[in-house]
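>>> Okay, predicted coordinates and the sequence, questions at the end:
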Amino acid sequence: MKREEYKELNKYLNDICVYLNKTGNIIINNISSICEMNDGYYMSLYDYKFNKEIKENHLTYKDVYMITREIIASINPSYLNKYDEMMNSGMLDFSYEQEYSDCEFVHTEKNNKTIQLININREFNYDDVVNLVHEFIHYTNDSNNITRNRSLLTEFLSIYFETYAIDYLINKGINKDEIDYEIRLKSTFYRTNNFYYVETPLTCFMDFGSVDDASYEFFKEKYFPIEKSAFDKECNTLLECFKRVDKNYRNNHFSDDYDYNDVVRKCANLLVDHFKYLFGTILAMYAFKHCKMEDILYLNEHINDDDNVDMVELLRKFGIDLDDGNFLNDALICVKEYLKRYDSVKGVI
């Protein structure tokens, strides 16, 4: 990699880490563990084929509303008032033309007012129900006093209850061809695939303070040998990713509206979002087998109680011990068992 390219990549990474330090530095302080988690998930599902085709069944808006309401009632009847409030408030928008990049819960502050929106891309099958359950759980643990634990664990909570929704529908007798029960594990796998090929420069910068020929040598001594050509390829892949974000931002803004800090935020959020979805998926698969639903429900309802509670200690109270050396392996076994249960894996587990 050329010196100028190293300089450009280091500039992005330095500014990203400055941003992450201001908003919570779990990525910086735990990059090795995140890479281990990423690689474990990626390699665990590397040979599995995610090729399920989902049928449309033309569920109406009312069907989606009522079936989701039934699932919410089975989770916690006291949530029904909040669910009906959400449905009657106008905050839910179903897109019939795949307008949104993804289904999402949006919480923003504008002119001293809180704006909450739930955007769902219609799939016209039971995925609409599962997605609505996922976004509704975000809504239940949202507040004006969002704690760091809520920020880190909200995807775990929503993925846990979306998994419950899938299980509920299948146990009710809904045809599995109308439910994309692979989709979460598939999307997380694709995320891990992308992250797998940029781990080395990220680790170099966060461990050694820069990405260059010297940190490449440090990496080989501390972790494992990697060919220089492979290292350069990862560096180029990461740099092109950041430059693509920058280019897209420029294309969507007038020249006098360009804000480099906003570009840095978007680049940093790529890393943060990857961690949240990977961590959330692994936690959810583990918790779905090993934890009581009432405990996860309690966590969901009290996640914003105290911003001083350490996340590891908090999860340990509910039967999830991240310090257990077998945790990741046990969680990946849960992933495989989930796939096997619904006959979605081709091959031997």
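Perfect, I can see it now.
>>> Residue 3 versus residue 13, what's the distance?
Distance check for residue 13 against residue 3: by Cβ to Cβ, to the nearest Å, it reads 16 Å. C-betas here are computed from N, CA, C, even on glycine.
>>> Between these two, tell me which one has more neighbours.
Using other Cβ atoms under 10 Å as the criterion, residue 13 and residue 3 rank with residue 13 on top: 23 against 9.
>>> Name the residues of the host helix or strand of that one that are buried.
Element membership for residue 13 (DSSP states H and E) is helix 3-23. Residues of helix 3-23 classed as buried: 6, 9, 10, 12, 13, 15, 16, 17, 19, 20 (neighbour count, 16 or more other Cβ atoms under 10 Å).
>>> Now do the SS call for residue 117.
Look at residue 117: counting by DSSP: H, G, I helix; E, B strand; the rest coil, its state is strand.
>>> The closest residue to it other than its chain neighbours and residue 167: what is the separation?
In space, and not counting its chain neighbours, residue 117 is closest to residue 106: 4.3 Å by Cβ to Cβ, 6 or more residues apart in numbering. Residue 106 is 27 Å from residue 167, where distance means Cβ to Cβ.
>>> next one: residue 233
Taking Cβ to Cβ, one finds residue 233 at 41 Å from residue 167.
>>> Spatially central residue in the chain, please.
residue 277 (1.7 Å; Cα atoms, centre = their mean).
>>> quick one: contacts for that one?
Residue 277 makes contact with 155, 159, 187, 188, 191 under the criterion Cβ atoms under 8 Å, 6 or more residues apart in numbering.
>>> and the residues you listed, which two are the farthest apart?
159 and 191 (12.8 Å; Cβ to Cβ).
>>> neighbour count winner among the two?
Neighbour count, other Cβ under 10 Å: between residue 159 and residue 191, residue 159 has more, with 26 against 20.
>>> if I've got this straight, that one is in a strand?
No: under three-state DSSP, residue 159 sits outside any strand and is assigned helix.
>>> ok, so of the buried residues of helix 3-23, who is nearest residue 133?
Taking the buried residues of helix 3-23 together and measuring to residue 133 by Cβ to Cβ, the closest member is residue 20, at 30.6 Å.
>>> distance of the closest one from residue 302?
Taken as Cβ to Cβ, the span from residue 20 to residue 302 is 27 Å.
>>> Then residue 196?
35 Å.
>>> And residue 308, by the same measure?
14 Å.
>>> For those two, indicate the residue with more neighbours.
residue 302 (13 against 7).
>>> how about residue 80, what does it touch?
Per Cβ under 8 Å, 6+ apart, neighbours of residue 80: 69, 72, 73.
>>> Can you list which of those residues are found in helices?
Secondary structure defined by DSSP state H assigns 69, 72, 73 of the contacts of residue 80 to helices.
>>> In CSV: those, plus pLDDT and distance to residue 125.
Formatted as CSV, the ones in helices among the contacts of residue 80 follow (pLDDT from 0 to 100; distance: Cβ to Cβ, whole Å):
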residue, pLDDT, distance to residue 125
69, 97, 18
72, 97, 19
73, 98, 22
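>>> what's the pLDDT at residue 112?
We have a pLDDT of 62 for residue 112.
>>> Show me where the stretch 151-300 of the chain has its helices.
Using DSSP state H, counting those that start in this stretch, the helices of the stretch 151-300 of the chain run over 183-196, 199-208, 213-222, 228-251, 260-290, 293-302.
>>> Tell me which residues are up against the fourth one.
It stands for helix 228-251. The contact list for helix 228-251, computed with Cβ under 8 Å, 6+ apart, reads 1, 5-6, 8-9, 12, 197-202, 211, 216, 219, 258, 262-263, 266-267, 270.
>>> Of those residues, just the buried ones, PyMOL syntax please.
In PyMOL syntax, the buried subset of those is picked out as below (16+ other Cβ under 10 Å):
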select buried, resi 1+6+9+12+198+199+200+201+202+211+216+219+263+267+270
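>>> can you put the contacts of residue 277 in CSV and add pLDDT and distance to residue 288?
Converted to CSV, the contacts of residue 277 look like this (pLDDT from 0 to 100; distance: Cβ to Cβ, whole Å):
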residue, pLDDT, distance to residue 288
155, 96, 14
159, 98, 9
187, 94, 17
188, 97, 14
191, 96, 20
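>>> Quick one: neighbours of the closest residue to residue 76 other than its chain neighbours, just the number.
Leaving aside its sequence neighbours, residue 76 sits nearest to residue 297 (Cβ to Cβ, 6+ apart; 5.8 Å). The tally of other residues near residue 297 (other Cβ under 10 Å) stands at 19.
>>> ok, residue 297 touching residue 77?
No: here residue 297 lies out of contact with residue 77, judged by Cβ atoms under 8 Å, at a distance of 11.5 Å.
>>> Which positions in stretch 135-143 come out as buried?
Across stretch 135-143, burial judged by 16+ other Cβ under 10 Å covers 135, 136, 137, 138, 139, 140, 141, 142.
>>> That one - what's its average pLDDT?
Rounded mean pLDDT across stretch 135-143 is 91.
>>> Measure how far it is from the centre of its chain, please.
How far stretch 135-143 lies from its chain's middle: 15 Å, per Cα atoms, centre = their mean, to the nearest Å.
>>> Now do the same contact list for the closest residue to residue 25 other than its chain neighbours.
Distances taken as Cβ to Cβ, 6+ apart put residue 17 closest to residue 25, at 8.0 Å, once the chain neighbours are dropped. Residue 17 is in contact with 25, 28, 205, 206, counting by Cβ under 8 Å, 6+ apart.
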